[in-house]
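Engineer: predicted model follows, preceded by the sequence.
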Amino acid sequence: RLLNMAVEDGVTVEAPVVLAGRPPARFRSAPMLAHLERELFRRPGKVYKVPSHEEAATQHESGGDAQSASLKIVAAANPRLEVEAAAREIVHLCRERGWRYRDVAVIVRELAPYEDLIAAVFDDFGIPYFIDSRRHLSHHPLIELVRSALEAATSGMRTDAVMRCLKTDLFPVSRDNVDKLENYALEHGIEGRGWLQTRPWRYVRRYTLGPEEYVPTEEQEQQLQQINEIRDNAVGPLRALRRRLSQAKTGRGMAEAVWRFLEELSVAATLEAWMAAADAEGRPEAVQDHRRAWQGVVQVLDEYATALGASSPSSAEFRQVIEAGLETLRVGLVPPGLDQVMVGSVERSRQPDIRAAFVLGASDGRFPPAPAEDVIFTGAEREQLAALDVELSPTSKDQLLREQYLLYVSLTRASDYLWISYPAANGEGKEQAPAAIVRRLAQLFPQVRVVGEPLEPASDEALLGRIVDAQQLLATLANRLRRHRTGEAAGPLWWALYD
């Protein structure tokens, strides 16, 4: 596309500059990785010959010096053991080699299956990390405010919508008073038009079968006065929003009604206060969430007023479009710390200068994933349309080429150390085969053995090898002695640790 644009605009295209230095500068201290980068997609590809000074380092299973090894292939019993093994190796690199956490990156093809698991395991191991993902803002208080306020204003002031609106903490009503108002509304069955009436509520609980005309006690009068004050402060802006939406003749008028609703509640000032408090507490992610939520709401209203401002939608149609716009809001966070392990998908994240890359989830059909087939056009038809400058989504061939590029990126980011692993079974226990790239690495590096991470370690020494801190040691020791009491004798090693 760039070349076509250059030709159309008469821009001279210079000859490509090929960086042919061998080995690449970043692999000068890791000849195994230089060989990987050079031979990965060559067929048949040369087998790596281990120099004598590296031979012991690559024999992981033979007790060699793993500190100088550049490549490790791991087969874990399940995804959790895979992530735990990677976490132990990260701790080892930082403790034994003196590396920083920012020298390490965890790379996956799809982040969703691993995101929560990595967060939980890294928290247990005390590893600082940053997960590079775009989070939904659908549960942010401001988004919920706009959504529930429009629902309340356009659906007859349903009690559940009113309460969701008030519980965003963006109304001038304390959460305690909101709870009192909700309890009163539920107790007396207030719904719909009951929220619209302006006369004071006079509903009280009666514990007698006396006459119909009941005079509340002094205590009940005080409670009624308090409830009505809370109601007027809470529901007043919603009544005004409902009135303005019904009076608006155009889409622009409806967007302005929502904007005036936000202004009356001083939402911008409240969010500024929240951002200042979050910044003082050292929570930069919350600051970014609040800022992006406000920018997103303003953007949605502005775009609606620009694109559909002259239209005459119903209140329900206006609400539907605004909710669809709010649903698309995402926030991409900036790493809040300087020394953190970067975790992200290879397609989104970029790790320009890292020493160690941990590529997880290298299972067949997952890394790379199988390309999606086009059910409308055949490959030949798509090529014919492309020749006519009709832009379509990538073909299966294009997808395969891009996946190979992403695979190349993930395996060549690190300058010193590459870890690639796969789970033998997924989270549901279904068996998984290693990806083709694992078999390719086994062909290029036959001296690198696949290290297994079974469910149960084969020996006490192997179990101790999974421990990285004192807290884990105490938990493991307590569990082992508990098993000793049930009849599974503990060896001398455990008693020596206990003493």
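Structural biologist: Yep, it's here.
Engineer: just checking, next helix/strand downstream of the helix or strand hosting residue 419?
Structural biologist: Per DSSP states H and E: residue 419 is located in strand 414-423. Counting by DSSP H and E, the next helix or strand C-terminal to strand 414-423 is helix 436-444.
Engineer: show me where the stretch 101-250 of the chain has helices.
Structural biologist: 112-125, 141-154, 159-166, 175-187, 218-247 (DSSP state H, counting those that start in this stretch).
Engineer: could you do the stretch 351-499 of the chain as well?
Structural biologist: Under DSSP H, counting those that start in this stretch, the stretch 351-499 of the chain gives helices at 379-387, 396-411, 436-444, 460-464, 470-485, 492-498.
Engineer: hey, least reliable of the ones you listed by pLDDT?
Structural biologist: If the helices of the stretch 351-499 of the chain are sorted by mean pLDDT, helix 460-464 sits at the bottom with a mean of 72.
Engineer: now do that one: which elements does it pack against?
Structural biologist: helix 492-498 (3 or more Cβ pairs under 8 Å, 6 or more residues apart in numbering; DSSP states H and E). (Each C-beta comes from the backbone N, C-alpha and C, glycine too.)
Engineer: in the helix it packs on, what counts as buried?
Structural biologist: Neighbour-count burial for helix 492-498 flags 494, 497 (criterion: 16 or more other Cβ atoms under 10 Å).
Engineer: for stretch 441-461, same thing?
Structural biologist: Under 16+ other Cβ under 10 Å, the buried positions of stretch 441-461 are 441, 444, 445, 447, 448, 450, 451, 453, 460.
Engineer: what pLDDT does the fifth one get?
Structural biologist: Residue 448 carries a pLDDT score of 90 in this model.
Engineer: wait, it touches residue 50, no?
Structural biologist: No. Using Cβ atoms under 8 Å, residue 448 makes no contact with residue 50, being 9.4 Å away.
Engineer: what ranges do the strands span in the stretch 1-150 of the chain?
Structural biologist: 71-76, 104-108, 129-132, 134-136 (DSSP state E, counting those that start in this stretch).
Engineer: before we move on, the earlier item: so which of the helices of the stretch 351-499 of the chain comes closest to residue 341?
Structural biologist: Closest of the helices of the stretch 351-499 of the chain to residue 341 is helix 396-411, at 15.4 Å (criterion: Cβ to Cβ).
Engineer: any idea how far residue 404 is from residue 392?
Structural biologist: According to Cβ to Cβ, to the nearest Å, residue 392 stands 21 Å off from residue 404.
Engineer: let me redo that: residue 346
Structural biologist: 12 Å.
Engineer: so where is the chain shaky, pLDDT-wise?
Structural biologist: Along the chain, segments meeting pLDDT under 70 span 21, 51-68, 206-214, 333-337, 372-375, 379.
Engineer: excluding its backbone neighbours, what's nearest the residue most central in space within it?
Structural biologist: By Cα atoms, centre = their mean, the chain has its centre lying nearest to residue 133, at 4.5 Å. Nearest non-adjacent residue to residue 133, counting by Cβ to Cβ, 6 or more residues apart in numbering: residue 111, 5.6 Å away.
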